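>>> Just the structure for this:
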Amino acid sequence: MSDPFDTSSLRASTLSAWASSPTRLREDAATEDDLVRGGYRDRLLTELAQNAADAASRAGITGSLRVWLSGNDLHIANTGAPLDIGGVHALTALRVSEKTGGVGRFGVGFTAVRAVSEEIEFRSSAGGVEFSGEATREAMKSAGLTVPPVGVPVLRLVWPSAHLPAAGFASEIVLRLREDDGEALLQAFRAEAVDLLLELSALGSIEIAGKRLERIERSLGGGVEEVAVGEHRWWQYRTDYARWLIPLVDGTPRPVTSDVLRAPTRSDEELSLPALLVAEIAMAPDRRRILPGADIERLADGYGAFLAALPARVRPSFVPVPGFARSAVDGVLRDRILAESSSTAWLLGCSGKDLVPTRASVLTGLTDDLAQVLGEVFPDLVAPSLSGPRHAAALAAVGVHRLGLARIAEMLTGVDREPGWWGSLYDALSPLVVDGVTAEELAALPVPLADGRTVTGPRTVVLGQQVGTEGKVQWARLVHGDAARPLLTRLGAAEASREDLLADPALEALLDDLDWDDEESVEELTESVLRLAAGAREVPSWIGSLPLVDSEGQLRAADELLMPDAPLAALLTDDSPFGIVAAETVSEFGADSLRAVGVGWGFGIVSDDLPTGPDHDLDDEESWWDAAEEDPETIVAVRDLDLVDDSKWSEALTTLATDPKTHAALQDRRGYTAWWLRTHAQVDGDRLGSFRAPSDRTFEGLLDVLDHPYADDLAAALAPGRLENAWFTSLILDRLADPQYSPTPAVIARAHSLVADAVASRRVALDDLDLPPKVRAISGVLVDPADAVVIDRPWFASVVPTDLAVLSSMASAATLASVLDVRTASESIDADVVGVGRVSSWDREPGAVLGCAALGLDLPVGQVIVHRELVVRLAGAVTGEHNVRWWVTADGNTHVGDRGEH
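Residues are numbered from 1 along each chain as shown. Purely as a prediction, here's the structure:
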């Protein structure tokens with residue numbers, strides 16, 4: 001048999017060394033045993049696949065590996081470079097390898113075959129060799145050597161082999177299995193094959209017992225490749241010293257939770273990195289651990305570029321998250337990867353550009369809408385797709401600055417944008433404000449105002465309700481209409497209508513302090529107020545001090561001006577102080593705005609919810625205030641009534657009655673407006689207070705009905721239903737004494753009662769009244785006061801002639817007598833009862849009981865004197881004998897006539 005590798009010399013040399021050094025023999029045996037039992041106990045296919053990858057690399061091809069079972073022989077064949085003398089030397093040496101690159105530096109990996117066999121054949125197209133436990137023992141015996149306790153070192157003695165490898169393969173290893181476990185080995189090999197094809201890039205396929213797996217690679221662009229092995233898929237990225245692989249699950253890249261360093265095949269160096277690492281690095285002889293001093297850090301070089309090559313949405317998933325390292329190697333790699341990932345641009349920003357994490361900021365919960373707005377001013381903001389809680393730990397690990405809403409608000413300070421931009425920002429921020437805590441974070445959020453300023457803090461501003469965006473509001477922090485959003489209300493902004501803004505005390509103070517010589521300030525304030533007033537339902541009266549340009553080009557207070565076509569202008573005196581507002585102002589702002597701020601059309605209104613005195617610049621206001629029974633709680637008064645031309649009062653009353661604002665003021669009889677009209681307005685030369693409304697019959701026949709189409713609407717400004725002052729009381733007394741008036745007896749009696757009541761209640765002082773020349777008797781005739789008699793006892797009513805009797809009420813008769821200077825009946829008439837009656841009691845008299853019952857009166861109690869016919873003899877103002885129904889004598893006795901009538 002040919003011996004191309006001179007194996008006989010190799011055997012002789014080894015046996016000689018053992019013979020000369022039994023220690024060397026024991027060491028070789030122990031070393032092989034250690035490697036079989038420890039380092040390579042489970043690495044048979046892995047080590048042979050690595051050798052196959054070496055052979056393919058040396059041949060410059062993509063290698064193939066085939067494994068099959070023939071009886072009890074396991075066959076492992078590969079393509080590539082055939083066995084050479086250097087390889088033989090490496091196979092027989094436990095410490096030396098002829099490998100200088102590729103997958104390893106040491107040749108001891110072949111020792112793995114000893115885990116399953118001691119009859120080993122290495123067939124090669126350039127010549128084969130064999131290793132045999134039995135042959136080794138025979139050789140040692142022949143050399144007089146003792147077999148060590150751990151057994152013979154099978155792989156130290158080699159023999160030539162005449163067998164060629166299977167067709168199509170450069171090498172074939174045949175292992176005679178010492179146990180019947182071939183199928184179990186094949187099953188284990190199948191489980192390893194996928195990883196081996198992934199790890200050993202020099203191998204393109206592995207076939208195990210007829211089932212073939214291939215590795216297929218295709219470029220995805222950007223340095224990323226897709227690697228397919230059977231049904232399995234990975235993304236692969238190559239750096240100078242490593243390959244990084246990401247498994248795909250249903251086409252989606254999934255981070256790895258735990259793995260080991262693959263150098264290039266699996267080691268015992270546990271890793272917690274999110275991607276598989278296949279690297280070239282010096283390993284210990286058993287390929288399980290990295291050699292001390294190996295440059296581990298360089299394996300992480302290029303990891304940032306790897307992240308940048310991935311789709312942006314998945315990049316953060318492949319940043320090592322904080323946690324305990326699984327090994328020292330893992331710790332070094334994690335630290336280096338995080339350092340590189342922190343300083344490399346790979347993190348997608350809102351602008352679409354990749355950001356360097358340490359210079360980037362993330363806002364948790366960032367939405368697309370918010371990113372679109374903030375991206376304009378914060379170019380280093382992480383894209384919304386990467387800003388959720390899912391990636392928070394990864395971004396924190398690479399130094400991304402985490403922003404809160406408070407920081408966003410702070411960073412927005414000084415940003416100059418249009419109000420509409422701010423409105424879009426508030427809309428986009430709104431979903432993030434879920435409670436009071438997040439709302440508080442935005443307390444310093446900038447807000448653009450209608451006057452062009454931008455201020456800090458929603459709590460300091462006012463949101464206008466349907467106020468519009470035009471004009472400025474100098475006295476309030478009114479949010480610009482384009483920026484007004486519900487979020488500002490949630491953050492503490494107050495809401496204000498046009499009416500609220502126009503009633504703001506700050507505006508009143510601004511008007512009070514306004515320098516009318518400052519043309520710019522006047523124009524700005526005027527425009528602001530008029531723009532707001534255009535749609536306001538109610539405006540405070542003090543806004544009437546707003547300066548406006550009149551028809552002569554001068555500034556006048558709004559409430560000192562009239563509209564050019566105001567009906568009020570035709571009602572005023574020629575010397576009225578009112579001016580006419582400039583036509584240009586009307587054209588620019590409209591009549592509604594001008595009328596709202598007090599420019600006259602009809603009569604103006606003065607209102608005060610808490611008046612403290614007669615200080616409202618109303619004509620004769622002090623007199624009204626003094627005449628009031630108590631201070632008014634509120635004032636709503638028509639102003640400038642004193643400017644009406646006396647000849648125009650009929651038209652003026654129509655205007656007052658038909659204008660809703662003034663009509664309301666007219667209805668308060670005690671109010672200033674009704675009082676002033678009663679007191680000062682004149683119709684046909686008479687005070688308005690001397691007329692009565694058509695529906696008021698209190699003084700019918702004494703007072704004329706106001707001849708006006710709105711007389712009943714003006715009732716509160718006409719004659720009252722009681723006598724409230726000396727003037728009106730005197731008027732009634734005069735009308736009672738005037739033969740031109742013909743009141744009914746009922747009106748006469750009522751009028752006398754009201755006169756007496758006014759004096760008795762001290763509303764009118766007796767000294768303020770003039771005695772009338774005549775008094776009105778109940779019959780309606782006028783009688784000389786000296787002849788008249790005031791009925792002050794009811795029984796006198798039946799004996800005093802109606803042409804002399806003056807009637808009010810029994811209670812007020814004495815007061816009326818004093819007012820009219822007329823005698824009372826009781827003091828001017830003496831009466832005596834003629835005859836003697838029988839003494840009885842009220843309850844015994846049928847007529848008395850029936851009479852009281854019929855009249856609904858209570859039956860009197862006590863004595864009554866009954867006369868068959870009751871006659872009284874009178875002397876004084878009335879004389880003669882008179883038949884009467886009843887009488888009460890001076891001693892208090894009641895006399896009645898017994899005629900069935902009492």
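
>>> isn't Pro486 right up against Leu429?
No. Pro486 is beyond contact range of Leu429, at 11.1 Å (criterion: CB atoms under 8 Å). The C-beta positions use only the backbone N, C-alpha and C, and glycine is treated the same way.

>>> Tell me which of the two has more neighbours.
Leu429 (23 against 12; other CB atoms under 10 Å).

>>> for that one, what are its contacts?
Applying CB atoms under 8 Å, 6 or more residues apart in numbering, we find Leu429 in contact with Leu370, Leu405, Leu442, Leu445, Leu487.

>>> and if we set it to 7 Å?
By CB atoms under 7 Å, 6 or more residues apart in numbering, Leu429 lies in contact with Leu370, Leu487.

>>> Now do the SS call for the closest residue in space to Ile173 that isn't next to it in sequence.
Closest residue to Ile173 apart from its sequence neighbours, by CB to CB, 6 or more residues apart in numbering: Ile76 at 4.6 Å. Assigned by DSSP: H, G, I helix; E, B strand; the rest coil, the conformation of Ile76 is strand.

>>> Test my guess that Leu395 contacts Val362.
Yes. Counting by CB atoms under 7 Å, Leu395 touches Val362, with 5.3 Å between them.

>>> Now for those two: what residues contact both?
Val382.

>>> Flag the shaky bits of the protein, pLDDT-wise.
39-41, 94-108, 466-471, 899-902 (pLDDT under 70).

>>> Scan the chain for its longest helix.
helix 182-199 (DSSP state H).

>>> Let me see the residues that make contact with that one.
For helix 182-199, with CB under 7 Å, 6+ apart as the criterion, the contacting residues are 45-46, 49, 67, 69, 72, 74, 116, 203, 206, 208-209, 211, 213, 215, 227, 229-230, 232, 234, 245, 262, 264-266, 278.

>>> hey, C-alpha coordinates of it in PDB?
Only the C-alpha atoms of helix 182-199 are listed here, as PDB (Å, rounded to 0.1, in the frame of the first residue of the first chain):
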ATOM      1  CA  GLY A 182     -26.200   6.300  14.300                       C
ATOM      2  CA  GLU A 183     -29.800   7.400  14.000                       C
ATOM      3  CA  ALA A 184     -29.600   9.500  17.100                       C
ATOM      4  CA  LEU A 185     -26.500  11.100  15.800                       C
ATOM      5  CA  LEU A 186     -28.200  11.900  12.500                       C
ATOM      6  CA  GLN A 187     -31.200  13.500  14.300                       C
ATOM      7  CA  ALA A 188     -28.800  15.600  16.300                       C
ATOM      8  CA  PHE A 189     -26.900  16.600  13.200                       C
ATOM      9  CA  ARG A 190     -30.200  17.700  11.500                       C
ATOM     10  CA  ALA A 191     -30.800  20.100  14.400                       C
ATOM     11  CA  GLU A 192     -27.400  21.600  14.000                       C
ATOM     12  CA  ALA A 193     -27.300  21.900  10.300                       C
ATOM     13  CA  VAL A 194     -29.300  25.100  10.000                       C
ATOM     14  CA  ASP A 195     -27.000  27.000  12.500                       C
ATOM     15  CA  LEU A 196     -23.900  25.600  10.800                       C
ATOM     16  CA  LEU A 197     -24.900  26.900   7.400                       C
ATOM     17  CA  LEU A 198     -25.700  30.200   9.000                       C
ATOM     18  CA  GLU A 199     -22.300  30.300  10.800                       C
END
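
>>> and the very next helix or strand once past that helix, how far out from the chain's middle?
Under the assignment DSSP states H and E, the closest C-terminal helix or strand after helix 182-199 is strand 203-208. Chain-centre distance of strand 203-208: 64 Å, with CA atoms, centre = their mean, to the nearest Å.

>>> can you pull the buried residues of the helix or strand following strand 203-208?
Downstream of strand 203-208, the next assigned helix or strand under DSSP H and E is strand 211-221. Of all the residues in strand 211-221, those buried under the rule 16 or more other CB atoms under 10 Å are Leu213, Arg215.

>>> now the angle between helix 182-199 and the helix or strand following strand 211-221, please.
Using DSSP H and E, the helix or strand that follows strand 211-221 towards the C-terminus is strand 224-229. For strand 224-229 against helix 182-199, the angle by axes from the mean of the first three to the mean of the last three CA atoms, to 10 degrees is 170 degrees.

>>> contacts for the following helix or strand past strand 224-229?
As assigned by DSSP H and E, the chain's next helix or strand after strand 224-229 is strand 232-238. Applying CB under 7 Å, 6+ apart, the contact partners of strand 232-238 are 194, 198, 223-227, 243-248, 253, 306, 309.

>>> Ok, stretch 71-81 next?
Contacts of stretch 71-81 (CB under 7 Å, 6+ apart): 48, 52, 55-56, 58-59, 61, 63-68, 165-166, 169-177, 180, 182, 185.
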